[in-house]
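Q: Sharing a sequence plus its predicted fold:
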Amino acid sequence: DSGVTQTPKHLITATGQRVTLRCSPRSGDLSVYWYQQSLDQGLQFLIQYYNGEERAKGNILERFSAQQFPDLHSELNLSSLELGDSALYFCASSVHSGLNQPQHFGDGTRLSIL
Amino acid sequence: AQTVTQSQPEMSVQEAETVTLSCTYDTSESDYYLFWYKQPPSRQMILVIRQEAYKQQNATENRFSVNFQKAAKSFSLKISDSQLGDAAMYFCAYRATPGGSNYKLTFGKGTLLTVNP
């Protein structure tokens, strides 16, 4: 158990819909990272938050957004969903973005778009 | 931009034997971190081992060790005494050091390891 909690584990929805994925980092971790794992793109970094502030952005679509709340949990919002958004979405956390701390991953949320 | 290449999409090994998974990367930075993550069928991402680029000594974690060749930008993973539970997808990952542009992990495409009894 990595200590990173992601909900829900599975999500099935239709094209055009909007979903919210939730992540609770390990106790004491200030940084949260979101990754997308798909068959064609592999594992790709989406976005990072550190102590409530956006720190870095990767290949995140404009239809996607995220935030980190004062209690440090994070949410990834995906809107106007398309078939190609079907993927496994991972959240990872680390103590501090600036130190040699590995990222610990949650179990992921599997999103299926029908 | 940093890239990570795993040239072996699939590998197989007999139980109790040794296997080496290859990884090369491209970066213009002199200091960085490298990681191997394991993803079993359960889909969890599990950290196996990590290496700081400024350290010449290769990292070791029990049956797992790395061969880090900085000049060649190579970072291979050796699994000794392979066990059935080692069967998984293995990902090599790169991360910039503190002070770099950001701290994202850049992953390779992965190597699927099968362990034969």
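A: Okay, I see it.
Q: What segments of chain B are strands?
A: Ranges of strands in chain B, per DSSP state E, are B:3-5, B:10-14, B:19-21, B:24-26, B:32-39, B:46-52, B:60-61, B:64-69, B:74-79, B:88-96, B:105-107, B:111-116.
Q: Of all the ones you listed, which one is nearest residue A:75?
A: Proximity to residue A:75 (CB to CB) singles out strand B:105-107 among the strands of chain B, at 20.6 Å. Backbone N, C-alpha and C define where each C-beta goes, glycine included.
Q: So which other helices or strands are in contact with that closest one?
A: Under the contact criterion of 3 or more CB pairs under 8 Å, 6 or more residues apart in numbering or on different chains; DSSP states H and E, strand B:105-107 touches strand A:42-50, strand B:3-5, strand B:88-96.
Q: CSV please, covering those and showing mean pLDDT, mean neighbour count and distance to residue B:67.
A: Compiled in CSV, these are given as follows (pLDDT from 0 to 100; neighbours: other CB atoms under 10 Å in any protein chain shown; distance: least, CB to CB, whole Å):
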stretch, mean pLDDT, mean neighbour count, distance to residue B:67
strand A:42-50, 93, 21, 23
strand B:3-5, 94, 15, 16
strand B:88-96, 94, 22, 12
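Q: check contacts around residue A:12.
A: A:112, A:114 (CB atoms under 8 Å, 6 or more residues apart in numbering or on different chains).
Q: List phi and psi for it.
A: phi -120, psi 130 (degrees, to the nearest 10).
Q: Got the confidence number for residue B:12?
A: Reported pLDDT at residue B:12 in the predicted model: 97.
Q: Fine by me, thanks again.
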